[in-house]
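Chemist: The sequence and its predicted three-dimensional model are supplied below.
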Amino acid sequence: MSTKLYDEAFLTGADMNTEWQLPWFFENYKKHNDTPLIFADFGVIDRDAIRPHVHAILDLTNVQERGWFKKPKAMYHAPARKLVWLDTDCQVLEDLSPIFGLLQPDQLNMVEDRPWAKRRGGVQFNSGVVGIVGKPLILGMWMNWIQDSEEVGDQETLTANLNPITQIKYINPLPNSYNWLRLQIENDNEPALNARIIHWTGQKGNDRIRSMMNG
């Protein structure tokens, strides 16, 4: 795989537990996008099946972080000046290239997790879609926080280590259309009329993805 530095690129990743989503993810992505796509291997079984669909592969099988805690490290090592991470349970519906014009340097560029705020109060940002310019300081901080994290995921780790002031400093809100969450559709009666990405989270989301894959 090429080790060139891309001006703009998307990044996704999977291990053996989420590898089954990749054919669906790649099909949706390639239907609407020709921006380079980088893949982070967190421990897939069949890397050769992935190679034809991506421009570069990062090997993160031996890093100490578990599961999705590897995401910030994958972003740090991805060869792109402007980079956007996409979870593999994100259904790409449109051309995503306009997102690069929305990215702010020195910040993580993310969509607010509106269902989380509705249920728990406060502000949290969903890490299913994360954009960066270069390697911002907050990305390194996120990586460090993960080393000792007792939270359930990378998103929760980020939230736990930011207060309302530092959240404003380090996170640039993106439009909801770039990460429309399953709970918004199924529980909160917010139809994804202008969504560029629908994020099918959780076990119920997996069931929806399987139903789409099975026609």
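Modeler: Good, I have the coordinates. Numbering: from 1, shown residues only.
Chemist: Next SSE downstream of the helix or strand of the chain with the lowest mean pLDDT?
Modeler: Here the helix or strand of the chain ranked lowest by mean pLDDT, DSSP states H and E is helix 114-120, holding a mean of 81. Sequence order places strand 125-133 as the next helix or strand after helix 114-120, per DSSP states H and E.
Chemist: tell me which residues in the next helix or strand after that next one are buried?
Modeler: Downstream of strand 125-133, the first helix or strand assigned by DSSP H and E is helix 137-147. By 16 or more other C-beta atoms under 10 Å, the buried positions in helix 137-147 come out as 138-139, 141-143, 145-146. All C-beta atoms are positioned from the backbone trio N, CA, C, and that covers glycine.
Chemist: any idea how far the least confident helix or strand of the chain is from the chain center?
Modeler: Chain-centre distance of helix 114-120: 19 Å, with C-alpha atoms, centre = their mean, to the nearest Å.
Chemist: and that helix, C-alpha only, in PDB?
Modeler: Once non-C-alpha atoms are left out, helix 114-120 reads as follows in PDB (Å, rounded to 0.1, in the frame of the first residue of the first chain):
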ATOM      1  CA  ARG A 114     -28.300  14.900  20.600                       C
ATOM      2  CA  PRO A 115     -29.900  11.700  21.900                       C
ATOM      3  CA  TRP A 116     -27.300  11.600  24.700                       C
ATOM      4  CA  ALA A 117     -28.100  15.200  25.700                       C
ATOM      5  CA  LYS A 118     -31.800  14.500  25.600                       C
ATOM      6  CA  ARG A 119     -31.400  11.500  28.000                       C
ATOM      7  CA  ARG A 120     -28.700  12.700  30.300                       C
END
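Chemist: can you map out the helices along the chain?
Modeler: 22-32, 71-77, 114-120, 137-147, 154-160, 164-170, 182-186, 202-213 (DSSP state H).
Chemist: Give me the angle between the last one and helix 22-32.
Modeler: Angle of helix 202-213 versus helix 22-32, following axes from the mean of the first three to the mean of the last three C-alpha atoms, to 10 degrees, is 70 degrees.
Chemist: who does helix 202-213 touch, helix- and strand-wise?
Modeler: helix 22-32, helix 182-186 (3 or more C-beta pairs under 8 Å, 6 or more residues apart in numbering; DSSP states H and E).
Chemist: got the contact list for the least confident helix or strand of the chain?
Modeler: Helix 114-120 is contacted by residues 123-124, 126, 176, 181, 183-184, 187-188, 190 when judged by C-beta atoms under 8 Å, 6 or more residues apart in numbering.
Chemist: out of those residues, which are buried?
Modeler: 123-124, 126, 176, 181, 183-184, 190.
Chemist: May I see those residues organised as TSV, with pLDDT and distance to T157 added?
Modeler: Supplementary listing: these in TSV, determined by pLDDT from 0 to 100; distance: C-beta to C-beta, whole Å:
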residue	pLDDT	distance to T157
V123	90	16
Q124	92	11
N126	96	13
N176	97	23
L181	97	19
L183	95	21
Q184	95	23
E190	91	27
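Chemist: Noted, bye for now.
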